[in-house]
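A.B. asks: sequence first, predicted coordinates after that:
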Amino acid sequence: MLLEVVDIAKSFGSVQALRGVSLALKPGSVHAVLGENGAGKSTLMKIISGVFPASSGTIRVEGQMVHWNRAEQARAAGVSTIFQEFILLPNLSVAENLFLGRELRTPLGLVDRQRQREESRRILARVGLDLDPDVLTGRLRVAEQQMVEIAKGVMRDARIFVFDEPTAALGDREAARLFDLIRQLRAEGKGILYISHRLPELFELCDEVTVLKDGQFAGHFAMQETTATELVTTMVGRTLDQLFPPHRTGGPGETVLELRDLRTTGFAGPVNLAIGRHEIVGLAGLEGQGQIGITRSIFEGHAPETGEILFEGLPLGHAGPAGGVAAGIGLIPEDRKAEGLFLPLSVARNIAVGLLSGKGLAQPASVPAEDIAAQIQRLRIRLRDAAQAISELSGGNQQKALLARWLVRGVKLLICEEPTRGVDIGAKSEIYAILRELADSGVPVLITSRELPELIGLCDRIVVVRDGATVGSFPGGTSTEEEIMAAAIGGQRA
Amino acid sequence: MKLAGATTAVRLRRLSALPVFALIAVLAIVLGVASPHALSAQNLINILNQQVSLILVTVGQTIVVLTAGLDLSVGSVVSLTTAIASHGTPFAVPLAILAALAVGLVNAGGILRFGIHPILMTLSTMTAVQGLALLVRPIPGGTVPGWMKTYAGAEILGLPLPVICAAVVVFLAAVVVSRSRFGLHLMATGASAQSALLGGVNTGRIILLAYLLSSLFACLGGLNLAARLASGDPLVGQPFGIDSIAATALGGTQLSGGLGGVAGPVVGVLFLALLGNGLNLLNISTYYQMIIKGVLLILAVSAHRRNQPGL
């Protein structure tokens, strides 16, 4: 075995991210690691690449026990990781990045640019990349940067390559090139760990697959002997039914929000969308197709390029988020930490922020303890006390606090971008239940999500967005990921 | 980094200094037309000789700025150096150098070990070291060793020795920053300490060296100043902190780190000096000079169009 991971566990504070996961990687094979978001794939990969140590368990490379605390140690042992966020330095040239930390030097001790350039060309050619080694790395396309990362691993004679969702940002042709390269690495006897949740590419590329669920080992299969259905069942398991509240049986109710021929900046558009009083509507689509542009147009009231937004029958005419709040709209942003929370402040203050908007600057910033305590109880936010800094809470409880912020104010429309990003499975189902409760009580909910199972399980209707245009609408519950995906991809890939 | 569409890393770094070279050329032409004396060899040599200390301090500042840091304490180190060097003891100069290195060590220690922001850390040492300088020499005076006076007055082929020494130091520093492993690692650390660390750069050591060098260059600047004054002055270094930062920024070194070089900031010092000198020759009052300098600084710095606002 090239790499053996035995009974690895990892906890962050009170959150148990991994519980006893094992995996064995053979040389000359591509081993997929499959699981839902939050299943612990990325945590496992980070342990294998030395970003942080495991809480317990052992890792063996070619039979030798290893203990890594830093990425450099893993790299020295021959593990090369191609992270989702690249670690290439944008202000250095490709050659400088390739040789960073082990520069070739002239007899005078200066960096030998000429030799580095020549060596770089040779290495880049090995990964099939025809690039000027002097070019500024920040100028490269994402796919090229990824190739440079791989070249760096090849150059350092890595034996184990870890790919963390490498095709997320790639087009078809680029992905095909990447697969060729991975096959070439396999032919050279390297071991490859490949994380992805795109099933078709796993069948195309991988030899075996380890499935994780809720931080636990859920199954191991030879790729040739398994089916997509079996993998999905293993990955999602029983949870899918229990995770989501039942869909609404009644009608959507009267229209609360209507977007007519809306075009947002930078996208072709148009968006046409109507949300009823009792509906949960989800926006689906590939990454960055204008979903956030739509939610922010509603909340922040940027004047759209064309079209109009009707809220309760009247055109929305506010500018800026304060206007959105005044109109009765609440937004839970995608990037919770950067845009939603005031991390050093208490949970109570973070919730009370919902009451601030519309107050004069000289008015006291009241923190009504009783109302807040009621919300904390209703949403079952787990904390020591309300004066605790919100940064100490888990992702799920932070997200619930943001919900509480709008509940304590009382909104007429809730927009929730990625409602369960970085939220553990237990809190997920609680959040889903609250959103459903809201819709039932007459507060419609608009969500965006990267996770199709979530959209299908939670929403009454899923609207697909492509290049800033609404291109399809699917009923929740009964739609399949495939048909939604097909609409999201359109003619581009297929 | 949109700098004129540079596509290679080396070209980008060279281009970063372009605006200040253009500015000084324009200024030279304007002054040459307005005042015939301004560009005389004697006047230029005088300006150079006066600016040697600031040039040395600015080289050190640039090294720190490349790591995305800032060193406000350089002015106090200049003052302390003149205060110690003018004490007439045999070990005055080595003592001044040790004191400066200690300041650099404290700066780097606070930043690396305790995670204090460079501005706050060096603001603190700036204040403390200023106090130390006043303790060592409460009022200007004393005298420096004879060899320092000789150094300050010596000329080779009509060029003052301090100017020649500064030219050699600047050349060496420029080579180290643009061509050596250390220089590359400065820029890697400045662009993203996290990525640089993952990429195999010992960022802690780079930052420590940067602050040590900054203090050392400030000390050299102080020694040169003490030699020129032939005495010590506990407040003489005060303008050096801000002036060195202004020249560094003017010279195209990005204050957020990762991009720049030594040549640009040195020309930045000369630009500011030539500007002051020219305005003097044109009999413009000091008050207007300050306003003009401030406005020009904004214009010059905004000439560096970058993706991020500011520097």
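C.D. replies: Right, received. Where do you want to start? Here the structure is a predicted model, which is why all the values come from computation and not from measurement.
A.B. asks: contacts, neighbours, all on C-alpha from now
C.D. replies: Fine.
A.B. asks: show me the contacts for the residue sitting furthest away from the middle of chain B.
C.D. replies: Centroid-distance maximum for chain B: B:L198 at 30.6 Å, with Cα atoms, centre = their mean. Shown in contact with B:L198 (Cα atoms under 8 Å, 6 or more residues apart in numbering or on different chains): A:A71, A:E72, A:I87.
A.B. asks: does the first one touch A:V51 like I think?
C.D. replies: Yes: distance between A:A71 and A:V51: 4.9 Å, which falls inside the contact criterion (Cα atoms under 8 Å).
A.B. asks: what subset of the contacts of B:L198 is buried?
C.D. replies: Listed as buried from those are A:A71, A:E72, A:I87; burial here means 16 or more other Cα atoms under 10 Å in any protein chain shown.
A.B. asks: the bottom helix or strand of chain A by mean pLDDT?
C.D. replies: Lowest on mean pLDDT, DSSP states H and E among the helices and strands of chain A sits helix A:239-243, with a mean of 60.
A.B. asks: packing partners for the very next helix or strand once past that one?
C.D. replies: Sequence order places strand A:255-263 as the next helix or strand after helix A:239-243, per DSSP states H and E. The helices and strands touching strand A:255-263, judged by 3 or more Cα pairs under 8 Å, 6 or more residues apart in numbering or on different chains; DSSP states H and E, are strand A:271-276, strand A:306-311.
A.B. asks: coming back round to it: in helices, which of the buried ones among the contacts of B:L198 fall?
C.D. replies: Within those, residues falling in helices by DSSP state H are A:A71, A:E72.
A.B. asks: nearest to A:G328, of the buried ones among the contacts of B:L198?
C.D. replies: A:I87 (42.1 Å; Cα to Cα).
A.B. asks: quick one: the helices in the stretch 1-150 of chain B?
C.D. replies: Using DSSP state H, counting those that start in this stretch, the helices found in the stretch 1-150 of chain B span residues B:9-16, B:18-34, B:41-66, B:74-85, B:92-113, B:118-136, B:146-153.
A.B. asks: near chain A, which residues of chain B?
C.D. replies: Proximity of chain B to chain A, by Cα under 8 Å from any Cα of the partner chain, involves residues B:7-10, B:176, B:179-181, B:185, B:187-188, B:191-192, B:195-196, B:198-201, B:258-259.
A.B. asks: let's see 6 Å
C.D. replies: B:T7, B:T8, B:A9, B:R179, B:S180, B:R181, B:S195, B:G200, B:V201 (Cα under 6 Å from any Cα of the partner chain).
A.B. asks: got a list of what the residue most central in space within chain B touches?
C.D. replies: Central residue of chain B (Cα atoms, centre = their mean): B:T58, 0.8 Å from the mean position. If you count contacts by Cα atoms under 6 Å, 6 or more residues apart in numbering or on different chains, B:T58 has them with B:S244.
A.B. asks: same thing but 7 Å
C.D. replies: With contact taken as Cα atoms under 7 Å, 6 or more residues apart in numbering or on different chains, B:T58 is in contact with B:S244, B:T248, B:P265, B:V266.
A.B. asks: just the ones of those in helices?
C.D. replies: Per DSSP H, the contacts of B:T58 map to helices at B:S244, B:T248, B:P265, B:V266.
A.B. asks: how many neighbouring residues does the third one have?
C.D. replies: The burial count assigned to B:P265 is 28, neighbours taken as other Cα atoms under 10 Å in any protein chain shown.
A.B. asks: which pLDDT does the model give it?
C.D. replies: What the model reports as pLDDT for B:P265 is 96.
A.B. asks: how many residues are close by B:I298?
C.D. replies: Neighbour tally, B:I298, other Cα under 10 Å: 12.
A.B. asks: which helix or strand contains it?
C.D. replies: Judged by DSSP H and E, B:I298 forms part of helix B:286-302.
A.B. asks: tilt between that helix and helix B:18-34?
C.D. replies: Angle of helix B:286-302 versus helix B:18-34, following axes from the mean of the first three to the mean of the last three Cα atoms, to 10 degrees, is 140 degrees.
A.B. asks: and helix B:286-302, what does it pack against?
C.D. replies: Using 3 or more Cα pairs under 7 Å, 6 or more residues apart in numbering or on different chains; DSSP states H and E, the elements in contact with helix B:286-302 are helix B:240-250.
A.B. asks: give me the buried positions along the helix it packs on.
C.D. replies: Neighbour-count burial for helix B:240-250 [16+ other Cα under 10 Å]: B:F240, B:G241, B:D243, B:S244, B:I245, B:A246, B:A247, B:T248, B:A249, B:L250.
A.B. asks: averaged pLDDT, that helix. What do you get?
C.D. replies: Helix B:240-250 comes out at a mean pLDDT of 93.
A.B. asks: which other residues reach it?
C.D. replies: Residues outside helix B:240-250 that contact it (Cα under 7 Å, 6+ apart): B:20, B:54, B:57-58, B:61-62, B:72-75, B:255, B:265, B:268-269, B:300-301.
A.B. asks: of the helices of the stretch 1-150 of chain B, which is nearest A:A228?
C.D. replies: helix B:9-16 (46.1 Å).
A.B. asks: counting by contacts, list what the closest one packs against.
C.D. replies: Against helix B:9-16 (3+ Cα pairs under 7 Å, 6+ apart) you get no helix or strand.
A.B. asks: buried sites along that helix?
C.D. replies: Residues of helix B:9-16 classed as buried under the neighbour-count rule (16+ other Cα under 10 Å) are B:A9, B:V10, B:L12, B:R13, B:R14, B:L15, B:S16.
A.B. asks: any chance of those residues in a markdown table, with pLDDT too?
C.D. replies: What follows is the buried residues of helix B:9-16, written out as a markdown table (pLDDT from 0 to 100):
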| residue | pLDDT |
| --- | --- |
| B:A9 | 84 |
| B:V10 | 84 |
| B:L12 | 83 |
| B:R13 | 84 |
| B:R14 | 83 |
| B:L15 | 82 |
| B:S16 | 84 |
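A.B. asks: from these, pick the one nearest chain A.
C.D. replies: B:A9 (4.7 Å; Cα to the nearest Cα).
A.B. asks: you'd agree that closest one is up against A:V135?
C.D. replies: Yes: the criterion here is Cα atoms under 7 Å, and B:A9 meets it with A:V135 at 6.0 Å.
A.B. asks: would you map the strands across the stretch 201-350 of chain A?
C.D. replies: Along the stretch 201-350 of chain A, the stretches classed as strands by DSSP state E, counting those that start in this stretch are A:208-213, A:216-222, A:255-263, A:271-276, A:280-284, A:306-311, A:314-315, A:329-332.
A.B. asks: in CSV: the ones you listed, plus mean pLDDT and mean neighbour count.
C.D. replies: Compiled in CSV, the strands of the stretch 201-350 of chain A are given as follows (pLDDT from 0 to 100; neighbours: other Cα atoms under 10 Å in any protein chain shown):
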stretch, mean pLDDT, mean neighbour count
strand A:208-213, 91, 24
strand A:216-222, 90, 18
strand A:255-263, 90, 21
strand A:271-276, 93, 20
strand A:280-284, 94, 28
strand A:306-311, 86, 19
strand A:314-315, 86, 12
strand A:329-332, 94, 24
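A.B. asks: with that, I have no additional questions.
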